[in-house]
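1. fold the following for me, if possible:
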Amino acid sequence: MPCSKTLIAVAVSSLFSSGLFAATMAEEATKDLSQLEAVTVTADAVEDKKSTTANSTVIKAKQLEQQQVQRLEDMVRYIPGVSLTDQGRFGSAGFNIRGLEGNQVAITVDGLAVGETLNPPTFAFYDFFAAGRGGIDPDAVKQIEIVKGADAIAAGSGSLGGAVLFVTKDAADYLEAGGNDTLVRLKAAYSGANDETQGTVTVANRTGKLEALAVVTKREGHEMENYRDSAERQAITGSGRPVADPQDNSSHNLLTKLKYQLTETQDIGLTAELFKADIETNNLSWISRSYLTRSSDDQQERSRIGLKYNWLAGYNWFDAFSTSLDYQQTNNDAFTLMLAPASAARLCTTGPCYRSEDRDYQQDLLKWAFALDKEIQTQGSTHQLVYGGALEQKSVDFSAIDTSYVGQTMEIAKQDIDPDFVPATDADLWHLYLRDSIKFNNSAFSLTSGLRYDHLSYKPQLNEGFTDATGTVEDSSFSAVTGQLVGNYQLTEQQSIALQLGRGFRAPSTEEMYFQTALTSRTEQATGVVVPGLYSSLSNPDLKAEYSTNLELAYQWQGDNSRFKVAVFKDNYRDMITHVTKVQNPGTVYEDCSSFGCNITQGNPYTVNENVGDVDVTGIELQGAWRFNQSWSAQFSYSHHEGEKDNGDPLITISPDKLVAGVSYRATDWWSLAANLSYSSEVKAKDAYETEEDGTQTQLVTYLPKSATVVDLVSNMEFGDNWLLNLGVYNLLDKEYYRWERIRYAASSRNNISADGIQRYSEPGRYAKLGISYSF
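-> As a prediction, this is how the structure comes out:
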């Protein structure tokens, strides 16, 4: 990745010279803080810059442990209006919040954005490649903040419909508040959903001024189970296969941190993280006349290394200062091996032969960030200011290699370099933000306001791997001012209302800007003349960023033993980007003939990404919780969302209505039992159609899931200060059900489904989870 020497110099200077500056000013700072006791730095301004939206959910590590979270999907199992999208063999494309998904929902890990997706719709059917947005192991996470609605202040570009903000664990999470201390934690877990076994070793230590943490996790499992399974069903191949394709998957995750206390008010830390997953699949559902056998080996890797400096300064213009320098690399590799029949003459000359397709997508990110905060007391109010900015350099690189082999050996007969999906592209980003949380003295009203400015520029590079005969691939830049305004009024001691107005934006992804361009030639039917240089696919240099406006009103009642909240919202999304087919020379009839016959078209169809219009999403969300006594408690949450495009068509990515209700019983301080019920409404035909230009309506998804009620039973047991045991039975009533997020992708993108083939996308029947840990 080409990195600017200026950026590195500025970042390193900020990290280290600010520490030296702080040391020289220690005497002045000590005078300002002389009336306070000595403290140890445990937080910083960047981490304090969390969302201030009226509707966000924070999940702590203890909840993740109790809910037996082993996959990203488990994290949002009990959060209505939030789900994980599905890309089949390639895992998840990210989160869906209020109907927006993929790159439209920001995902960060310790403030660092995860990579963008790459899944061209024109290639989706072949199922050879898709880059998702995973690479996060739940056992390395201490907190997840799920933000519903636009909040560009917290997450920047991509937080169009919301954001998911991950914070990784620190040594201090396991150690006593002060003094030398060491903790070792051993954890083992099992999930019957995919026969996954997991082992995690955590070691935390503080010796003098140095804290150290290492979290190592290894997972091994198989394909997700389906509702029905038998030897007879396992023997079925092809698109009608009713059970999941056999799969072996494994992942390794390493999180290490060092933190050194320079002074009572300063610390510096080093973080290194490595996630690597390998998924091997026997694609039995793809067996056909074209594929005698087909298998795949997919790898996903995310690594990062970062430095961070924190300073509790107590100066007139800032109380705390933090700066960080991080480098992250994300790599998605998909290798597909197929046995082609002898009839494929261009590939196999003497009999069946192997051929493979290898796709690799690498993303690099270098980021320097700084943040400050300041509390200001005035005669009539208290202001909590948070302000800062960042410089980022991103690059992407794609490669595609097709290989033919000699017969059924792995001896290479021919190797071709396919055109890249996207060109090697560098992107420069920078942003500044300011947020002010105001509490008015002797008033029931409080106000939070914020502004952020982002600028992004793309610089694609043309080479042998990516050529542009259309002349449409150009440098592009985007900038946006986004903001947030949240007002809260305390009606009574128990009741409050909040009104929020937020604006978010998302710059186009590399795929949306620069996906493969090409020209083609066609034969005019009337004259027989072959016309070269016609459009096949174009880049759109005039593509605009997407914008969102979020308006939300919330009411909350908080008592001593109960809580209730209702929120209604309307989100407007403008200039939504869509892959469209257009027609060049609509007055000309073209006829193209081959050995398969002749194809006649009115005009020349070609594809391009465009800003096609607006989308409105409205909804209501409810939450409630009650504690009846020391042993019994109950809680519920519900969401209902509706999405509509400006032509009246439904937004197909809207999730069905969902209700989650639970009852918990804590018999003693060491044992508890919880029953959780999840209800999802059915998806109807009116929720999944598209209107063509001639007014006809096309059903986008043939298979529509029915309503489903699923009950889970979870027990948590703590034996002293050392042992923790978690037991769970999921889908207790053994119901057959389907998730819309999974069915929608499988049925609309892959199209490799016939007969009972949809059943391989059903969710597991009754299964158990077990987790046990020992700390010493």
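
2. can you pull the contacts of Y689?
-> 649-650, 697-700 (CB atoms under 8 Å, 6 or more residues apart in numbering). (C-beta placed from N, C-alpha, C; glycine too.)

3. surely A413 touches D402?
-> No - with contact defined as CB atoms under 8 Å, A413 and D402 do not form a contacting pair (11.5 Å).

4. not counting its neighbours along the chain, what's nearest L186?
-> Distance criterion CB to CB, 6 or more residues apart in numbering; nearest residue to L186, sequence neighbours excluded, is Y774 at 5.1 Å.

5. and the helix or strand that neighbour falls within, which residues are buried?
-> Here Y774 sits within strand 767-775, counting by DSSP states H and E. By neighbour count on 16 or more other CB atoms under 10 Å, the buried set for strand 767-775 is 767, 769, 771, 773, 775.

6. adding pLDDT and distance to V589, write the residues you listed out as a markdown table.
-> Rendered in a markdown table, the data for the buried residues of strand 767-775 read as follows (pLDDT from 0 to 100; distance: CB to CB, whole Å):
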| residue | pLDDT | distance to V589 |
| --- | --- | --- |
| Y767 | 97 | 58 |
| K769 | 98 | 61 |
| G771 | 97 | 66 |
| S773 | 97 | 70 |
| S775 | 96 | 75 |
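
7. circling back: the residue nearest to L186 against R185, yeah?
-> Yes - in this structure Y774 lies within contact range of R185 using CB under 8 Å: 7.2 Å.

8. what's the overlap in contacts for those two?
-> The contact sets of Y774 and R185 do not overlap (CB under 8 Å, 6+ apart).

9. in the longest strand along the chain, what counts as buried?
-> Longest strand of the chain, by residue count under DSSP state E: strand 562-594. Neighbour-count burial for strand 562-594, with 16+ other CB under 10 Å as criterion, is recorded at 563-565, 567, 569, 571-577, 579, 588, 590.

10. would G407 count as being in a helix?
-> No - when the secondary structure is assigned by DSSP: H, G, I helix; E, B strand; the rest coil, G407 falls in coil instead of a helix.

11. which residue is nearest the middle of the protein?
-> Nearest to the mean C-alpha position of the chain, by CA atoms, centre = their mean, lies G94 at 3.0 Å.

12. residue contacts, the closest residue to that residue other than its chain neighbours?
-> Distance criterion CB to CB, 6+ apart; nearest residue to G94, sequence neighbours excluded, is R133 at 4.0 Å. Contact analysis of R133 by CB under 8 Å, 6+ apart lists 92-94, 102, 107, 114-117.

13. got the phi and psi for N676?
-> Backbone torsions for N676, taken as degrees, to the nearest 10, come to phi -120, psi 130.

14. likewise the one 5 residues further on?
-> When read as degrees, to the nearest 10, the backbone of S681 gives phi -80, psi 170.

15. doesn't H641 make contact with it?
-> No - under the criterion of CB under 8 Å, S681 lies out of contact with H641, with a separation of 11.0 Å.

16. which neighbours do these two have in common?
-> D657.

17. what about those two, which has more around it?
-> H641 (22 against 17; other CB atoms under 10 Å).

18. the more buried one and V615, how far apart?
-> Between H641 and V615 the distance, using CB to CB, to the nearest Å, works out to 12 Å.

19. who's in contact with stretch 232-250?
-> By CB under 8 Å, 6+ apart, the list of residues contacting stretch 232-250 reads 89, 194, 218-226, 228-229, 277-288, 752-757, 759-760.

20. show me what counts as buried in it.
-> 236-245, 247, 249.

21. kindly report the same for stretch 369-382.
-> In stretch 369-382, the ones that count as buried by 16+ other CB under 10 Å are 369-374.

22. again, but for stretch 260-269
-> Of the residues in stretch 260-269, those scored as buried under the neighbour-count criterion (16+ other CB under 10 Å) are 261-269.

23. which two from the buried residues of strand 767-775 end up farthest apart in space?
-> Among these, the pair separated by the greatest distance (CB to CB) is Y767 and S775, at 27.2 Å.

24. confidence score at A93?
-> Looking at A93, its pLDDT is 84.

25. now do the one 4 residues further on
-> According to the prediction, I97 has pLDDT 95.

26. quick check: which element contains V167?
-> With secondary structure defined by DSSP H and E, V167 is part of strand 162-168.

27. same question, T349
-> Under the assignment here (DSSP H and E), T349 is part of no helix and no strand.

28. so what pLDDT did it get?
-> pLDDT for T349: 72.

29. which parts of the stretch 651-776 of the chain are strands?
-> Under the criterion DSSP state E, counting those that start in this stretch, the stretch 651-776 of the chain contains strands at 658-666, 671-680, 689-691, 697-699, 708-719, 723-730, 767-775.

30. no wait, the stretch 251-400 of the chain
-> Counting by DSSP E, counting those that start in this stretch, residue ranges of the strands within the stretch 251-400 of the chain are 266-282, 293-312, 320-340, 353-377, 381-405.

31. out of the ones you listed, which gets nearest to R666?
-> strand 266-282 (35.0 Å).

32. who does the closest one pair up with?
-> Strands that pair with strand 266-282, judged by DSSP bridges, come out as strand 247-263 (antiparallel), strand 293-312 (antiparallel).

33. tilt between it and strand 162-168?
-> Using axes from the mean of the first three to the mean of the last three CA atoms, to 10 degrees, the direction of strand 266-282 lies 110 degrees away from that of strand 162-168.

34. for strand 266-282, C-alpha coordinates in PDB please.
-> Written as PDB, here are the backbone C-alpha positions of strand 266-282 (Å, rounded to 0.1, in the frame of the first residue of the first chain):
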ATOM      1  CA  GLN A 266      -0.500   9.600  30.700                       C
ATOM      2  CA  ASP A 267      -0.300   6.200  29.100                       C
ATOM      3  CA  ILE A 268       0.800   4.700  25.800                       C
ATOM      4  CA  GLY A 269      -0.400   1.400  24.400                       C
ATOM      5  CA  LEU A 270       0.300  -1.000  21.600                       C
ATOM      6  CA  THR A 271      -2.400  -3.300  20.100                       C
ATOM      7  CA  ALA A 272      -1.900  -6.200  17.700                       C
ATOM      8  CA  GLU A 273      -4.800  -8.300  16.300                       C
ATOM      9  CA  LEU A 274      -5.000 -11.200  13.900                       C
ATOM     10  CA  PHE A 275      -8.100 -13.000  12.700                       C
ATOM     11  CA  LYS A 276      -8.000 -15.800  10.200                       C
ATOM     12  CA  ALA A 277     -10.800 -18.100   9.000                       C
ATOM     13  CA  ASP A 278     -10.700 -21.000   6.600                       C
ATOM     14  CA  ILE A 279     -13.900 -22.600   5.100                       C
ATOM     15  CA  GLU A 280     -13.700 -25.700   2.900                       C
ATOM     16  CA  THR A 281     -17.000 -26.700   1.200                       C
ATOM     17  CA  ASN A 282     -18.100 -29.600  -0.900                       C
END
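
35. tell me the angle of that strand relative to strand 320-340?
-> If you take the same axes, to 10 degrees, strand 266-282 sits at 10 degrees to strand 320-340.

36. tell me which other helices or strands the helix or strand containing T217 touches.
-> Using DSSP H and E, T217 maps to strand 210-222. Contact analysis of strand 210-222 by 3 or more CB pairs under 8 Å, 6 or more residues apart in numbering; DSSP states H and E lists strand 196-207, strand 247-263 as its packing neighbours.

37. let's verify E232: helix, strand, or coil?
-> Counting by three-state DSSP, the backbone at E232 sits in helix.

38. quick one: it from E736, how far?
-> The spacing between E232 and E736, counted by CB to CB, is 18 Å.

39. can you check K459 too?
-> Relative to E736, K459 is positioned 51 Å away (criterion: CB to CB).

40. repeat that for R742.
-> With the distance defined as CB to CB, R742 ends up 14 Å from E736.
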